[in-house]
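Peer 1: from the sequence below, what's the structure:
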Amino acid sequence: MLRRFTLATLLLLPMTVLHSQKAPDAALLDKARALHKQVPLIDGHNDYPWALRENAARDLDKLDITKPQPTIMTDIARLRAGGVGGQFWSVYVPADLAGQAAVTAALEQIDIVHRMMRKYPETLELALTADDVERVFKKKKIASLIGMEGGHAIDNSLGALRMFHRLGARYMTITHSKNVPWADSATDQPTVGGLSPFGEQVVREMNWLGMLVDLSHVSPDTMEDAIRVSAAPVVFSHSSSRALNDVPRNVPDNILQMLPKNGGVVMVTFVPGFLSPKVAAHSAAQTAEQNRLKQQYPSDENAVKAAGEAWLKANPAPRATIADAADHIDHIRKVAGIDHIGLGGDFDGITSVPEGLE
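Peer 2: Numbering: from 1, shown residues only. Just a heads-up that it's a prediction; the model follows:
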């Protein structure tokens with residue numbers, strides 16, 4: 001049973017993060033690069049498969065990451081420059097898909113990841129275990145793992161969950177932006193108060209399979225229930241600290257304090273609105289203005305668009321910075337401990353990145 005959980009253990013490896021608004025000390029930068037060659041830096045969340053679906057109809061030739069891809073955030077050159085040793089490719093399914101439509105979309109996204117392995121065998125190799133990650137890393141390739149984003153993709157079926165595992169999925173985010181019948185999301189109205197009894201079954205089944213229980217996107221009650229039920233370390237594949245930025249998608253301190261006993265990891269994300277309170281406040285104000293304009297011009301989309309652009313010109317968006325990301329890492333280190341920090345960029349799942357993380 002313990003071998004099933006070795007993938008989670010690998011994610012506990014400490015990571016060195018440099019942050020400064022001044023030029024980094026050359027010796028420290030050399031040390032960080034040397035560490036990247038010794039230890040696989042694992043990114044917990046990349047949405048290239050969804051970018052391929054949205055921008056290229058799932059055609060790898062149309063968005064070939066062996067070439068520079070300025071219209072998206074991911075290509076092999078940037079993965080290499082960032083020192084990525086392991087990548088969880090997100091199998092994202094929108095929360096408004098349900099039932100068999102969600103299952104089919106998840107299967108199609110997993111198919112993309114498998115086709116990526118065939119198209120880029122000199123760079124990417126599928127990893128199903130922690131041993132696989134280490135083996136692939138030693139071959140100087142990027143160990144590629146599959147992470148399902150959204151428990152609605154299993155359509156309330158443990159059998160579907162088991163089959164997704166057999167196809168290579170090694171974590172599943174319990175919810176996305178909306179509740180599932182058996183678990184509450186962070187960005188929806190609570191209905192079951194965390195995990196339902198079936199939700200607890202899902203967590204136990206994931207433990208038995210060796211799938212990481214991903215608690216990004218879930219409500220604090222769901223986080224607490226899942227950590228209580230799980231016999232294995234949990235993971236937050238792309239979340240940051242709620243104490244530093246009070247948005248629902250971040251992790252409260254009382255949950256961080258549970259991680260040393262559980263062994264879990266918060267993979268700090270680079271979503272600007274999760275890192276910076278200024279960015280979050282601006283996004284909230286922009287959403288409120290957009291809603292106001294829709295009420296003012298209920299049947300005139302052009303007027304809404306023009307007025308929205310004028311508002312944005314008068315109220316330019318602030319930017320999160322690499323220092324903000326480092327502050328979240330430091331806070332989680334203080335509360336949970338250095339063994340419970342990872343990185344989950346969410347590249348290609350966001351529209352902009354913090355300054356310094358381009």
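Peer 1: going along the chain, name the helices of the stretch 101-250 of the chain.
Peer 2: 130-138, 158-166, 197-209, 220-229 (DSSP state H, counting those that start in this stretch).
Peer 1: in the last one, which residues are buried?
Peer 2: With burial defined by 16 or more other Cβ atoms under 10 Å, the residues of helix 220-229 counted as buried are 220, 221, 222, 223, 224, 225, 226, 227, 229. Using the backbone N, CA and C atoms, a C-beta is placed for each residue, glycine as well.
Peer 1: got the CA coordinates for it in CSV?
Peer 2: Provided in CSV are the C-alpha atoms of helix 220-229 (Å, rounded to 0.1, in the frame of the first residue of the first chain):
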residue,chain,number,x,y,z
PRO,A,220,-12.5,25.1,3.5
ASP,A,221,-15.0,22.5,4.9
THR,A,222,-14.2,20.2,2.0
MET,A,223,-10.4,20.7,2.6
GLU,A,224,-10.9,19.8,6.3
ASP,A,225,-13.0,16.7,5.6
ALA,A,226,-10.7,15.4,2.9
ILE,A,227,-7.6,15.8,5.1
ARG,A,228,-9.5,14.0,8.0
VAL,A,229,-10.5,11.1,5.8
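Peer 1: so what touches that helix?
Peer 2: Outside helix 220-229, the residues that touch it by Cβ atoms under 8 Å, 6 or more residues apart in numbering are 174-175, 183-186, 190, 193-195, 199-200, 203-204, 213, 215, 218, 234, 251-252, 254-255, 258-259, 262, 264.
Peer 1: apply 7 Å and report the result again.
Peer 2: Identification of contacts with helix 220-229 by Cβ atoms under 7 Å, 6 or more residues apart in numbering yields 174, 183-184, 190, 193-195, 200, 203-204, 213, 215, 234, 252, 255, 258, 262, 264.
Peer 1: rounded mean pLDDT for that helix, please.
Peer 2: Mean pLDDT, helix 220-229: 98.
Peer 1: before we move on, what about the third one?
Peer 2: When the per-residue pLDDT values of helix 197-209 are averaged, the result is 98.
Peer 1: now for residue 186, how many residues are close by?
Peer 2: Residue 186: 25 surrounding residues under other Cβ atoms under 10 Å.
Peer 1: before we move on, what about the one 3 residues further on?
Peer 2: The tally of other residues near residue 189 (other Cβ under 10 Å) stands at 9.
Peer 1: if we can go back for a sec, just the helices of the stretch 101-250 of the chain: most buried one?
Peer 2: helix 220-229 (a mean of 21; mean count of other Cβ atoms under 10 Å).
Peer 1: chain center to that helix: distance?
Peer 2: 18 Å (Cα atoms, centre = their mean, to the nearest Å).
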